[in-house]
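Peer 1: sharing a sequence plus its predicted fold:
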Amino acid sequence: MERVIFHCDLNSFFASVELLDYPELRHLPVAVCGDPASRHGIILAKNEPAKKFGVKTAETIWQAKKKCPELVLLASHHDLYREYSKKVNAIYEQYTDLVEPFGIDESWLDVTGTVHLFGGDPRAMADRIRNHVRSELGLTLSVGVSFNKIFAKLGSDYKKPDATTVIRPEDIQTMVWPLPVTDLLFVGRAAARELERYGVTTIGQLAAFDRQALGLLLGRQGYVLHDYANGLEHSPVQPAGTYTPPKSVGNGLTFPHNLAGEEQVRSGVTLLADCVAQRLRRHALKCTGIQVSVRSPEFHDLSRQRKLSSPTFVTPELADAAMDLIRANWNLSAPIRAITITAILLIPAEQAGGQMDLFSQDSFSRLQERREQLGHAMDDIRSRFGEHAIGPASQLSGHSPERSQTIPPPKFHQEA
């Protein structure tokens, strides 16, 4: 039996939630930002009228105001967004128990086993869910309907706002393959640039590209993207709480230029620690140990690990621990080709309890709480606006995982 997968994407989510309290502003260009009083703040979200003026997320307020002088600015309320996200997913669960959140405003639904309970027509069922969310919460969403998660995601992006798009197997050549390759989930800027060098700019050209050659070009990601383009994605919709937590979380990076000296190494370590910290928070885990591997330009590897004084999932603490290991075991004036940071000895975040010095416990707790709040706030921005919307200021300019080769590719390392 062919699967029936929905991808539900709330339209202009942050702005739509804020406008529930200001219905008189809906016809005006509106943007949500962290600090409406600051010209140097950034745009977090915008409504449809603002989009027509070319207002973009992650640009500064003054840039947006230059495009649209009449732009109305509203402050952000992340707790409210999380509350509405839970409400929306609760509605989805009235139609199927297979609901997989993907960020704060998107979810996959597997309705294969329940579509017959709602008339048997997937498009009509999707429209019913859209009407349900609109009538109960006042929010609109776009729904993609297809036979796998990747094409369902393409469908929800295909027509916005407040629309249902169906992509059947017979629609692949006419609907999917003419689309830009960047519309395919997980095709980042670096992969797109590399593909363009070989004349691949559409999903159809990616599908027709030799699979083995694509694997040599992009590594394991090449095989995955080739399968995606050809409709060969079969991963299940996994409800929250059903996954197996990783036993370690690591990220490695081969830098475009060798690093040397405290400042450069610290910047590279901060970049990697931030990736690891973000993934730990995503899994609601903290690590009680850290492992660092360093590779020289001559491919000589050094690997060391240590336990931490208290469990953590914040960037500064991971970066500090990694730098301590590197300083103790590596000559910082010697060039470094690659670094890998791995969080080990993981425990659930809610069970974490640090053992700190009695006299510094209060100040340490306050500092750690502020760092954890900052980490969660950054996660909220990234989940809505992309991985590169925000990051530590100490990262190396021009050095991002997407722009560099990775060892291994940025992902969770699950170890037995």
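Peer 2: Great, that's in hand.
Peer 1: quick one: the helices in the protein, in order.
Peer 2: Using DSSP state H, the helices of the chain run over 13-19, 48-52, 61-67, 78-92, 122-137, 149-158, 189-196, 203-208, 211-218, 220-229, 262-282, 315-329, 361-385.
Peer 1: okay if I get those helices as a markdown table plus distance to T112, mean neighbour count and mean pLDDT?
Peer 2: Every C-beta, even on glycine, is put in place using the N, C-alpha and C of the backbone. Listed next are these as a markdown table, based on distance: least, Cβ to Cβ, whole Å; neighbours: other Cβ atoms under 10 Å; pLDDT from 0 to 100:
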| stretch | distance to T112 | mean neighbour count | mean pLDDT |
| --- | --- | --- | --- |
| helix 13-19 | 27 | 24 | 96 |
| helix 48-52 | 33 | 18 | 95 |
| helix 61-67 | 43 | 16 | 93 |
| helix 78-92 | 15 | 16 | 96 |
| helix 122-137 | 10 | 17 | 98 |
| helix 149-158 | 12 | 24 | 97 |
| helix 189-196 | 31 | 16 | 88 |
| helix 203-208 | 24 | 20 | 98 |
| helix 211-218 | 28 | 15 | 88 |
| helix 220-229 | 20 | 20 | 91 |
| helix 262-282 | 27 | 22 | 92 |
| helix 315-329 | 40 | 20 | 95 |
| helix 361-385 | 27 | 15 | 57 |
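Peer 1: out of those helices, which gets nearest to P297?
Peer 2: helix 262-282 (14.0 Å; Cβ to Cβ).
Peer 1: send me that closest one as CSV with only the CA atoms.
Peer 2: Extracted C-alpha coordinates of helix 262-282, given in CSV (Å, rounded to 0.1, in the frame of the first residue of the first chain):
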residue,chain,number,x,y,z
GLU,A,262,45.3,30.5,20.2
GLU,A,263,42.9,32.8,18.5
GLN,A,264,42.4,30.8,15.3
VAL,A,265,42.2,27.5,17.2
ARG,A,266,39.7,29.0,19.7
SER,A,267,37.5,30.2,16.9
GLY,A,268,37.4,26.8,15.2
VAL,A,269,36.7,25.0,18.5
THR,A,270,33.9,27.5,19.3
LEU,A,271,32.3,26.7,15.9
LEU,A,272,32.4,23.0,16.5
ALA,A,273,31.3,23.3,20.2
ASP,A,274,28.3,25.3,19.1
CYS,A,275,27.2,22.6,16.7
VAL,A,276,27.6,19.9,19.3
ALA,A,277,25.8,22.0,22.0
GLN,A,278,22.9,22.7,19.7
ARG,A,279,22.4,19.0,19.0
LEU,A,280,22.6,18.1,22.6
ARG,A,281,19.8,20.5,23.4
ARG,A,282,17.8,19.2,20.5
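Peer 1: just to revisit the earlier point, of all the helices of the chain, which lies closest to P29?
Peer 2: helix 48-52 (3.8 Å).
Peer 1: quick revisit: distance to G252 added to the helices of the chain, as JSON lines?
Peer 2: Rendered in JSON lines, the data for the helices of the chain read as follows (distance: least, Cβ to Cβ, whole Å):
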{"stretch": "helix 13-19", "distance to G252": "33"}
{"stretch": "helix 48-52", "distance to G252": "38"}
{"stretch": "helix 61-67", "distance to G252": "35"}
{"stretch": "helix 78-92", "distance to G252": "31"}
{"stretch": "helix 122-137", "distance to G252": "41"}
{"stretch": "helix 149-158", "distance to G252": "26"}
{"stretch": "helix 189-196", "distance to G252": "16"}
{"stretch": "helix 203-208", "distance to G252": "26"}
{"stretch": "helix 211-218", "distance to G252": "17"}
{"stretch": "helix 220-229", "distance to G252": "14"}
{"stretch": "helix 262-282", "distance to G252": "7"}
{"stretch": "helix 315-329", "distance to G252": "12"}
{"stretch": "helix 361-385", "distance to G252": "20"}
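Peer 1: which of those sits closest to T114?
Peer 2: helix 122-137 (8.4 Å).
Peer 1: report how many residues lie close to R168.
Peer 2: 13 (other Cβ atoms under 10 Å).
Peer 1: show me how the protein divides into domains.
Peer 2: The record's domain parsing of the chain by automatic domain parsing lists 1-167, 177-229, 249-403.
Peer 1: pretty sure A75 is touching V30, no?
Peer 2: No. If you go by Cβ atoms under 8 Å, A75 and V30 don't touch, sitting 11.8 Å apart.
Peer 1: more neighbours: those two, which one.
Peer 2: More crowded of A75 and V30, by other Cβ under 10 Å: V30, with 25 against 13.
Peer 1: what's near enough to touch N89?
Peer 2: Residues counted as contacts of N89 (Cβ atoms under 8 Å, 6 or more residues apart in numbering) are V99, P101, S107.
Peer 1: pLDDT check: weakest of those residues?
Peer 2: Minimum pLDDT across the contacts of N89 is recorded for P101, with 93.
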